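Enquirer: Whatever this is, show me its structure:
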Amino acid sequence: MHRTNRRLLAWDRPRQQAALYWLILLLPLPLAIYALGLGRYAIPPQDVVRALYDYLVTSREAAFEPDVVYNVVTRIRLPRIAAALLIGGNLAVTGTAFQGIFRNPLVDSNILGVTSGAGFGAALMLLLTGNPLHVQVAAFGFGLLAVLTAYTISRLYASAPLLVLTLVGILVGSFFGSLTSLLKYIADPLDTLPAITYWLLGSLADVTRGDVPLLAVLSLAGMLFLWAVRWRLNVLSLGDSEALALGLNPTRLKLLIIVFSTLMTAVAVSVSGVIGWVGLVIPHAARTLVGPDHRRLIPATIMLGASFLLAIDTLARTLWSSEPPLGVFTGIVGVPLLLVILRVNKTGWR
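Expert: Take a look at the predicted model:
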């Protein structure tokens with residue numbers, strides 16, 4: 001009897017895993033519809049769907065100018081929720097890519113200093129001009145500059161290039177973090193300093209329609225690239241010698257992955273500010289749920305990261321009248337979640 005039960009459980013396990021995998025992939029859609037209806041002005045799900053249909057299918061926006069539901073859904077909440085989905089998936093999948101190529105479960109999308117560089121660029125523009133466009137452009141530019149600096153310096157050392165790149169990335173990130181602290185020290189404590197501090201903690205409160213197109217283009221392009229090299233990431237996670245034996249050029253492939261991941265992280269940080277823990281916690285959660293195979297891990301990480309950040313942002317904007325920064329929430333939720341994952345996943349990282 002017990003042997004028969006074990007056989008039935010073993011036969012059902014692939015079906016359970018497939019059902020869980022597809023549940024993760026489809027999870028962002030109902031969450032987004034539900035989140036579009038939440039807020040000080042509550043909207044039923046059927047009205048949300050109607051507004052989205054009118055916006056995406058009929059394209060009759062001008063005819064619905066007096067429609068409060070339509071305007072709240074499409075003009076106020078939709079850009080923010082789209083940004084939350086893109087940034088969550090963005091940060092999560094870049095964390096997965098970096099953990100794969102560096103073969104280290106402790107790295108995330110900031111391993112090469114892109115977030116610290118973007119934070120410095122944003123703080124500099126907040127100190128000099130305060131113009132939101134200047135802040136985004138400087139954050140994006142300095143994020144790329146930080147990674148380029150780390151890569152250029154690492155090329156000066158011939159031995160253990162990947163280890164050197166990791167160490168130099170940490171050093172460059174610390175350097176830009178110190179520069180940001182210096183800017184905070186000289187900033188006006190009544191005006192500029194609170195703006196810098198709030199930006200560095202991350203928020204989607206100021207996202208507009210104009211922020212979404214570039215974020216969507218770079219994020220989706222990077223996600224498609226990482227999906228295209230999914231089996232190569234499996235090989236890279238085994239080591240460079242195995243990759244060379246299978247005919248891959250690991251150095252060139254890692255460089256391409258770093259370039260795309262850096263662009264994705266830089267554009268995400270330029271829109272939302274610094275949001276931590278997503279790129280570290282979500283890859284571990286997805287790996288625990290669907291396994292280490294990047295062919296399943298990358299889609300699951302994208303959707304799980306999108307769902308996670310959307311849920312955190314929805315809580316942040318609905319639970320309190322004054323909206324707390326997202327970086328605070330992701331840390332509060334992320335640390336216990338990672339401890340639970342480490343407790344559940346007793347088989348190790350791989």
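Enquirer: At the geometric centre of the chain, which residue sits there?
Expert: Per CA atoms, centre = their mean, the C-alpha nearest to the average position across the chain is that of Leu91, at 1.9 Å.
Enquirer: do you know how far it is from Thr115?
Expert: Distance from Leu91 to Thr115, counting by CB to CB, to the nearest Å: 9 Å. Bear in mind the C-beta positions are built from the backbone N, C-alpha and C, glycine included.
Enquirer: With Leu326 instead?
Expert: Taking CB to CB, one finds Leu326 at 14 Å from Thr115.
Enquirer: now the strands for the stretch 151-300 of the chain?
Expert: Using DSSP state E, counting those that start in this stretch, the stretch 151-300 of the chain contains no strands.
Enquirer: on that earlier part again, after the helix or strand hosting the residue nearest to the centre of the chain, next one along is what?
Expert: Leu91 belongs to helix 78-102 when assigned by DSSP states H and E. Heading C-terminal from helix 78-102, the first helix or strand you meet, by DSSP H and E, is helix 114-128.
Enquirer: how far off helix 78-102 does that following helix point, in degrees?
Expert: Here helix 114-128 points in a direction 140 degrees away from that of helix 78-102 (axes from the mean of the first three to the mean of the last three CA atoms, to 10 degrees).
Enquirer: mind exporting helix 114-128 as CSV, just the C-alpha atoms?
Expert: Coordinates of each C-alpha in helix 114-128 appear next as CSV, following Å, rounded to 0.1, in the frame of the first residue of the first chain:
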residue,chain,number,x,y,z
VAL,A,114,25.8,50.1,-11.0
THR,A,115,23.4,51.0,-8.2
SER,A,116,26.0,53.0,-6.2
GLY,A,117,27.0,54.8,-9.4
ALA,A,118,23.4,55.6,-10.2
GLY,A,119,22.8,56.8,-6.7
PHE,A,120,25.7,59.2,-6.9
GLY,A,121,24.5,60.6,-10.2
ALA,A,122,21.0,61.2,-8.9
ALA,A,123,22.3,62.8,-5.7
LEU,A,124,24.6,65.0,-7.7
MET,A,125,21.8,66.3,-9.9
LEU,A,126,19.4,66.7,-6.9
LEU,A,127,22.1,68.9,-5.4
LEU,A,128,22.9,70.9,-8.5
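Enquirer: quick one: average pLDDT of it?
Expert: Taken as a whole, helix 114-128 carries a mean pLDDT of 95.
Enquirer: returning to that earlier point: anything in contact with each of Leu91 and Thr115?
Expert: Common neighbours of Leu91 and Thr115 are listed as Ser109, Thr265 (criterion: CB atoms under 8 Å, 6 or more residues apart in numbering).
Enquirer: hang on, the earlier thing: helices or strands next to the helix holding Leu91 in the packing?
Expert: helix 28-36, helix 161-186, helix 212-228, helix 230-236, helix 250-272, helix 278-290, helix 294-318 (3 or more CB pairs under 8 Å, 6 or more residues apart in numbering; DSSP states H and E).
Enquirer: To Tyr70, which of those helices lies closest?
Expert: Closest to Tyr70 of the helices and strands packed on helix 78-102, according to CB to CB: helix 28-36, at 11.4 Å.
Enquirer: Pull out the buried positions in the closest one.
Expert: Neighbour counts over helix 28-36 (16 or more other CB atoms under 10 Å) mark Pro28, Leu31, Ala32, Ile33, Ala35, Leu36 as buried.
Enquirer: Same check on stretch 106-120?
Expert: For stretch 106-120, a neighbour-count test (16+ other CB under 10 Å) marks 107-120 as buried.
Enquirer: The closest residue to Leu106 other than its chain neighbours: neighbouring residues, count only.
Expert: Here the nearest residue to Leu106 in space, its sequence neighbours aside, is Leu280; by CB to CB, 6 or more residues apart in numbering that works out to 7.6 Å. Per other CB atoms under 10 Å, the neighbour tally for Leu280 reads 23.
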